Each structure stands twice: as structure tokens, then as C-alpha cells.
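Colleague: Got a sequence here, can you build the structure:
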Amino acid sequence: MEKKEFYLLHSDVCKTLANPKRQEILDCLRKEDKTVNELVKKTGISQANLSQHLSILRSKGIVSTRRKGIHVFYSISNIKIIQAFDLISEVLQDSLSTQSKTVKSAINRNK
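Modeller: Here you go, the predicted model:
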């Protein structure tokens, strides 16, 4: 695989994860599998919209399903997705902390 092909695939996964509703879905699935109904209750996303997002996540291999009786349970396909989610959250937290310190420093200089 050439680097350009890799970058396209990487970008595709990142675009899939860049949606706030999909991030919320992944966060809900981090500890346990859930059905669509459970996800609707937990997120407040309409069932139709949630199903669309789950379909996209499934087609990209980010979530997987298993059937138990009449219920279909969704789960994270690879724990590294949650590790990446958490790492990005840490980067965001660091960035916001730095911004906050910069603002506080600027305010204190003007006093």
C-alpha cells in the first residue's frame, strides 16, 4: 500500500469519527454492548438517525453486532478506538488548559 492510499483510508476513519453523535454513541458503548433502544434512551438521538449512524460505524468496521434472541447488540469492534477517543480527549483537555492559562496570564498583566 502506498502512503497516499494509507492517508485516504486514515482520513476516511477520521471523518467517520468526526461526527459528534457518533462520538456520543461510541462513548455509550465503551463499557458494554447496547441495543438500539438502549442507545436511543441513553443519547436521545431518534431511532432513525441513530440507525443511520450505527450503519455508518458498522460499514467502517468501528462497531460490530451480535444477535441474542430478538435483540441486536452493538459493541466497539476494537478497543483501540476507545483508546484513540480518550487520547484525543486528553489532547483537547491539555489544549484547553493551555488556553485558559494564557487568558488568565493576559488578564493578570492588565491589572
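
Colleague: okay, and for this protein, where does confidence drop off?
Modeller: Along the chain, the parts satisfying pLDDT under 70 run over 111.

Colleague: Figure out how far the longest helix along it is from the centre of its chain.
Modeller: Of all segments of type helix in the chain, defined using DSSP state H, the longest is helix 79-109. Distance of helix 79-109 from the chain centroid (Cα atoms, centre = their mean, to the nearest Å) equals 17 Å.

Colleague: what helix or strand does the most centrally placed residue in the chain sit in?
Modeller: Nearest to the geometric centre of the chain sits Q23, at 2.7 Å (Cα atoms, centre = their mean). For Q23, the host element (DSSP states H and E) is helix 20-29.

Colleague: T65 now?
Modeller: T65 belongs to strand 63-68, assigned by DSSP H and E.

Colleague: In CSV, could you pull the C-alpha coordinates for that strand?
Modeller: Taking C-alpha atoms only, strand 63-68 is exported to CSV below (Å, rounded to 0.1, in the frame of the first residue of the first chain):
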residue,chain,number,x,y,z
VAL,A,63,-18.8,-1.2,15.7
SER,A,64,-20.0,-4.8,15.3
THR,A,65,-23.2,-6.6,16.1
ARG,A,66,-24.3,-9.8,17.8
ARG,A,67,-27.8,-11.2,18.0
LYS,A,68,-29.3,-12.6,21.2
